[in-house]
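Trainee: output the structure for:
(one chain, ligands or ions: 2)
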Amino acid sequence: MERRSVSTQSVAPDTNVGHDAESLYAEVALPLRLAQTFTYSLPLALRGDARVGSRVLVPFGRTLTTGYVVALHDALDPALGLEESEIKEAEELLDAEPLITPEVLEITRWISDYYAAPWGEVLKAALPAGLNATIEQVITITQAGRDELSRLPPRRAVTAKAQVLRLAAEEGFTTLREAARELGQSRAAKAVRELSRARWVTIAHRSRTAQARAKKRKAVRLLPPSEHSENGARALTAAQQHVVETLIAQGGEMLFAELLEAAGASASTIQTLERRCVVEVFVREVRRDPLAGAQLPARDSIRLTEAQATALRDINEAQKDGKYAAFLLHGVTGSGKTEIYIRAMHEAIRRGKTAMMLVPEIALTPVFSRRLRAHFGDSVAIFHSSLTTGERFDEWHRLKRGEARVVIGTRSAVFAPVGNLGVIVVDEEHEASYRQQESPYYNGRDTAVMRAHKERAVVVLGSATPSMESFQNARQGKYRYLRLPVRIANRAMARAEIIDMRESFRAGGRPEVFSAELLAAIEETHARKQQSIILLNRRGYSSFVLCRSCGERINCANCDVTLTFHRSERSLICHYCNLRQRVPDSCPACSGPFIFFVGEGTEQIEEILRTRFPALRIARLDRDTTARRSTYEQAILRFGAGELDMLVGTQMIAKGHDFPNVTLVGVVSVDAGLALPDFRAAERAFQLITQVAGRAGRGELPGRVLIQTYHPHHYALRHACAQDFDAFFDEEINYRKNLSYPPFVALASLLVHGEDLTRVQATAAEIRRALDDANTERHVRVLGPAPAPLARLRGEHRMQILLKSRSRPRLRTLIELALGQAAHTQGCDTNSVNVEIDPVNLM
Ligand code: ADP
Ligand code: ZN
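Mentor: Residues are numbered from 1 along each chain as shown. Ligands and ions are numbered 1, 2, ... in the order given. Sure thing, here's the model as predicted:
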């Protein structure tokens, strides 16, 4: 295997797909933090079957790894300077039918280039989790091993080595996993290494078949009546007759288990019927449907408003052209954007094409999924993070096989295996959740735009609060701008009002969680039998714990943040690394007894409200209460049905939902968000308030939005309350321009992390030096290294270097050069560097 730079590769064109000749070499991308691909030779057995897009098992270092074939070659490229003898053989072909379609191969290669991410890692992220095969070590006992085992005196037979030998002796072999279960990972691995050295066992690798596979169930169907069975039918017992009737009532076919239940029959009754050729028992593939049994909303026929019709016409005209076109659909909340998305997707289907819609995690509400299912029936496949592996697997295969032609999902649905794309919709395009926060770092929205570009599709970015980047693109004519200026039926937007908590403090003489205005509004809303939503961006009971004697705060041992008190669990929890510890009785620093809880979280808000308004039916929604999908769905559906009066929670309740009876939204405090050391803090606060305001007054009733703050004059709050996007944009874009922030420059962040601060600092300094060396023409501004805003996280120190340039290609080239240079420097560990192009979150 040998190095090769990714950027020099082309996907597939001059390769052997479709040739008769069998390729001798495969170029393989590995899911490791390595920029290049590797060349392997294909043994005779694999030559005929290997395809671009298939997974292969290949030796790498001392282990076997799953890789992805990105190209096939007849001969070694002399430019690589490789000798036949240096090349290793691929071990096993994992898919006869390639899993990665040409379109996905192409878009992942683009991501790999654009975001400086390893191609193999991107490909791995593009496939559903259940498909990524794992490899296991098989440990086979040798004759010498058996002899050794029989010689062992019983006293010695308790060592780790002896235990592994005995495990292997039982069936002739065992696996490292199995041994690790009994001995622990490191003891097992050590024992296996020693046994292998003594030649008492041999080690081989094999791929464990993917965890997810099609689900199969026994089913029963009625056979067509023949002479023979008709004769038999006369003699059916009452129980048998009942089984037959139950089957007929269900269309002649049922799952075995369901039939047993529905007919109240025993398995032997059905077996008898099978013997008599009345029914047939067979195995059927059943689909794991995330919406099985869900009640679907009625499909009401809606007449589009004029603004909607105009926007849709423009989008559909572009679809007719069959060329790339990009639209920014800017419509206030409740202006009917979703209706346009759905019709644009119908148009794609009508033209025989496929359609894709990306939504932020939070917008994928149960209500929304059901709405789509009502529109597209079985031809829609739905992806989001709380599907089970099996559900995800089935949805993915339905797309791959072409059974589903509409895909709706969160970020990674942009990799859906569909061809012939007609339209891609990105709803709430401004959402930070489109950015993947771990390697491979990519932005789902920007990837969608590029995918549309490559596949000559139409892309529609929709939002009530477009990102600065997209709005600027629209101003500059890169996107066509569509506006829905008013709500459906000219419903009033909810009035947003700022509540100055400084005044509340002056009046009450002490800090209060709730102002008198907000409490009064809650009471009135409830008296009118309407619903309210109360929002706070902090989970837990109180935000931190303070010692009143010495001023010490209790911090996480691993991270640079305070621990949050969670009363229901009686513990202090770190929201970054999930460290949990008991609440101390006295201060860990000075042993003083005056431990004090400061600030409030959703848990406390809920408690205050329950005490104050005992008649209110309240549900709290945050990461603590909604770890299970069903809990979240239940609460949302019950709230929608009017069985709850109030939702209390973090911003997961602020977005996407459509509850006509909600007339009050209260934001307990926006201040934490405004104070973040991130140039997007104002934009985020503006978006949050606008989105929240969009939750109130969606029905006939006018809504109210109350926002508590200690910074009532902040421009983001002022413009958000006035619902003046353009004014906010003008002020914010000036600030971005003056301080050289996106969209005026491309930004990259190099984050060096590690446990040893001295090494982290040395590496960061070395990278800075390499950047300066390579930055000869000073096209790129380099800032730092400086401690990252979160200077310690999960036990690691973090130093950050920020890069700004007007040219994104120059930025990427510089990073590539500098990291390449730094990698050769002693003591500089470039594996500890996260490279983020266009970072969304600078924390
Ligand atoms: P958005 O996505 O912009 O927030 P939606 O598409 O969800 O808005 O529309 C808001 C509400 O108005 C929904 O209940 C929707 O069914 C309804 N609606 C949308 N378009 C129309 C229309 N042309 N006539 C009547 N009701 C509409
Ligand atoms: Zn922590």
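Trainee: now do the same for the closest residue to ligand 1 within the stretch 651-800 of the chain: helix, strand or coil?
Mentor: In the stretch 651-800 of the chain, no residue comes nearer to ligand 1 than residue 658, which is 5.3 Å away by Cβ to the nearest ligand atom. (Each C-beta comes from the backbone N, C-alpha and C, glycine too.) Under DSSP: H, G, I helix; E, B strand; the rest coil, residue 658 falls in the coil class.
Trainee: you'd agree it is up against residue 367?
Mentor: Yes: in terms of Cβ atoms under 8 Å, residue 658 counts as a neighbour of residue 367; the distance is 7.0 Å.
Trainee: for this structure, what helix or strand is lowest in average pLDDT?
Mentor: Within the chain, confidence by mean pLDDT, DSSP states H and E is lowest for helix 227-233 among all helices and strands, at a mean of 51.
Trainee: so which residues on the stretch 51-200 of the chain come close to ligand 2?
Mentor: For the stretch 51-200 of the chain, the contact set with ligand 2 under Cβ under 5 Å from the ion is empty.
Trainee: hmm, I was thinking of the chain
Mentor: 556, 558-559, 574, 576-577, 579.
Trainee: in a helix, residue 374, correct?
Mentor: Yes: counting by three-state DSSP, residue 374 is located in a helix.
Trainee: quick check, pLDDT for it.
Mentor: pLDDT for residue 374: 86.
Trainee: could I get the full set of helices for the stretch 101-250 of the chain?
Mentor: Taking DSSP state H, counting those that start in this stretch to define them, one finds helices in the stretch 101-250 of the chain at 102-114, 119-126, 143-151, 160-171, 176-183, 185-197, 227-233, 238-249.
Trainee: deepest-packed of these, please.
Mentor: helix 119-126 (a mean of 25; mean count of other Cβ atoms under 10 Å).
Trainee: quick one, that helix and helix 102-114 angle?
Mentor: Angle of helix 119-126 versus helix 102-114, following axes from the mean of the first three to the mean of the last three Cα atoms, to 10 degrees, is 130 degrees.
Trainee: please state the offset of helix 119-126 from the chain centre?
Mentor: For helix 119-126, the separation from the chain centroid amounts to 14 Å (computed by Cα atoms, centre = their mean, to the nearest Å).
Trainee: so which elements touch that helix?
Mentor: strand 25-29, strand 63-73, helix 102-114 (3 or more Cβ pairs under 8 Å, 6 or more residues apart in numbering; DSSP states H and E).
Trainee: can I assume residue 459 is in contact with residue 450?
Mentor: No: contact between residue 459 and residue 450 fails when scored by Cβ under 8 Å: they sit 9.2 Å apart.
Trainee: settle it for me: which of those two has more neighbours?
Mentor: Neighbours per residue (other Cβ atoms under 10 Å) separate residue 459 from residue 450, with residue 459 holding more: 28 against 19.
Trainee: checking my notes, that one in a strand, right?
Mentor: Yes: membership of residue 459 in a strand is supported by three-state DSSP.
Trainee: okay, how far is it across stretch 152-170, tip to tip?
Mentor: The first residue of stretch 152-170 is 16 Å away from its last residue (Cα to Cα, to the nearest Å).
Trainee: follow-up on the earlier one: nearest to ligand 1, of the helices of the stretch 101-250 of the chain?
Mentor: Going by Cβ to the nearest ligand atom, the one of the helices of the stretch 101-250 of the chain nearest ligand 1 is helix 102-114, 26.7 Å.
Trainee: now what about the closest one, what contacts it?
Mentor: Residues external to helix 102-114 that are found in contact with it (Cβ atoms under 8 Å, 6 or more residues apart in numbering): 6-7, 9, 11-12, 52-53, 70, 100, 117-119, 122-123, 126, 414-415, 417-419, 421, 440, 442, 447, 450-451, 454-455, 812, 837.
Trainee: which of those are buried, as a ChimeraX select command?
Mentor: If you want just the buried ones from the contacts of helix 102-114 in ChimeraX, going by 16 or more other Cβ atoms under 10 Å, the selection is:
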select :6,9,11,12,52,53,70,100,117,118,119,122,123,126,414,415,417,418,421,440,442,447,450,451,455,812,837
